[in-house]
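*Asks:* this is the structure alone, sequence omitted:
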């Protein structure tokens with residue numbers, strides 16, 4: 001996968017380094033040359049440019065990039081301007097960082113695909129979500145083991161946990177499943193909520209749109225998600 005990350009602050013640089021470590025091609029962009037120099041040995045490519053300048057941004061390989069992430073946090077104006085510019089230039093998938101409710105509303109109005117909240121979500125969790133197909137969320141227990149929420153692969157819909165053989169084939173333990181449930185609010189509107197089921201049993205039937213919560217080594221989780 002190929003990524004462009006705009007803004008090499010704490011979150012942006014951490015995410016860029018982790019994505020690079022996982023074998024992806026990453027272009028890290030920042031307006032400050034000091035940050036570009038600091039991370040040039042840890043990120044695939046680093047470029048110093050102003051992401052609010054249309055002329056310079058047009059020079060980025062947007063057509064060949066799978067995902068663009070605007071990680072600018074301190075300067076909300078620059079974040080919004082860069083996001084809008086990248087949207088207009090046709091970024092395939094655009095993710096942007098929000099630091100306040102109004103800021104998030106503006107980004108949604110621009111039409112971003114996803115919103116990042118670095119204060120609540122770590123670079124490790126986003127690296128998993130971006131790299132591993134179907135991953136909804138994750139929680140790292142240490143450098144080697146994680147608990148991950150992942151969408152049930154289509155080929156396993158209609159099968160039980162025992163039939164899939166998570167332990168035998170993938171060395172993973174299924175803890176539980178999560179279903180999307182419709183509930184009615186006090187004003188009569190319906191909304192979807194995540195309904196966590198009980199502890200998973202071997203005969204639990206996996207259905208379409210289910211999310212399984214698995215525990216295991218990061219290497220085994222990666223292999224399952226990419227299989």
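*Replies:* Looks like it arrived, so ask away. Computed from a prediction, not measured in an experiment: that's the story for all the values here.
*Asks:* which stretches in the protein count as helices?
*Replies:* Secondary structure of the chain, counting by DSSP state H: helices at 10-21, 33-39, 54-57, 76-88, 101-110, 123-131, 161-164, 218-226.
*Asks:* what's across from the nearest residue to residue 178 once chain neighbours are set aside in the sheet?
*Replies:* Counting by C-beta to C-beta, 6 or more residues apart in numbering, residue 178 lies nearest to residue 211, which is 4.1 Å off, once chain neighbours are set aside. Any C-beta I mention is one placed from the backbone N, CA and C, and that applies to glycine too. Listed beta-bridge partners, residue 211: residue 151, residue 178 (assigned using DSSP bridges).
*Asks:* and for residue 28?
*Replies:* Beta-bridge partners of residue 28, as defined by DSSP bridges: residue 5, residue 46.
*Asks:* again with residue 147
*Replies:* residue 139, residue 215.
*Asks:* pretty sure it sits against residue 175.
*Replies:* Yes - with contacts defined as C-beta atoms under 8 Å, residue 147 counts as touching residue 175 at a distance of 7.1 Å.
*Asks:* okay, and the common contacts of those two?
*Replies:* 213, 214, 215 (C-beta atoms under 8 Å, 6 or more residues apart in numbering).
*Asks:* got the contact list for the first one?
*Replies:* When contacts are counted by C-beta under 8 Å, 6+ apart, residue 213 is found next to 147, 148, 149, 174, 175, 176, 177, 178.
*Asks:* if you set the cut-off to 7 Å instead, what comes out?
*Replies:* 147, 149, 175, 176, 177, 178 (C-beta atoms under 7 Å, 6 or more residues apart in numbering).
*Asks:* in PyMOL, how would I select just the buried ones from those residues?
*Replies:* In PyMOL, this line selects whichever of the contacts of residue 213 come out buried by 16 or more other C-beta atoms under 10 Å:
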select buried, resi 147+149+177+178
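*Asks:* hmm, which of the contacts of residue 213 is lowest in pLDDT?
*Replies:* Lowest model confidence among the contacts of residue 213 falls on residue 147, which carries 76.
*Asks:* remind me which residues of this structure are low pLDDT?
*Replies:* 119-143, 180-195 (pLDDT under 70).
*Asks:* if we can go back for a sec, distance to residue 197 and mean neighbour count added to the helices of the chain, as JSON lines?
*Replies:* Shown next, in JSON lines, are the helices of the chain (distance: least, C-beta to C-beta, whole Å; neighbours: other C-beta atoms under 10 Å):
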{"stretch": "helix 10-21", "distance to residue 197": "31", "mean neighbour count": "22"}
{"stretch": "helix 33-39", "distance to residue 197": "42", "mean neighbour count": "15"}
{"stretch": "helix 54-57", "distance to residue 197": "46", "mean neighbour count": "14"}
{"stretch": "helix 76-88", "distance to residue 197": "37", "mean neighbour count": "19"}
{"stretch": "helix 101-110", "distance to residue 197": "30", "mean neighbour count": "14"}
{"stretch": "helix 123-131", "distance to residue 197": "22", "mean neighbour count": "20"}
{"stretch": "helix 161-164", "distance to residue 197": "12", "mean neighbour count": "16"}
{"stretch": "helix 218-226", "distance to residue 197": "20", "mean neighbour count": "17"}
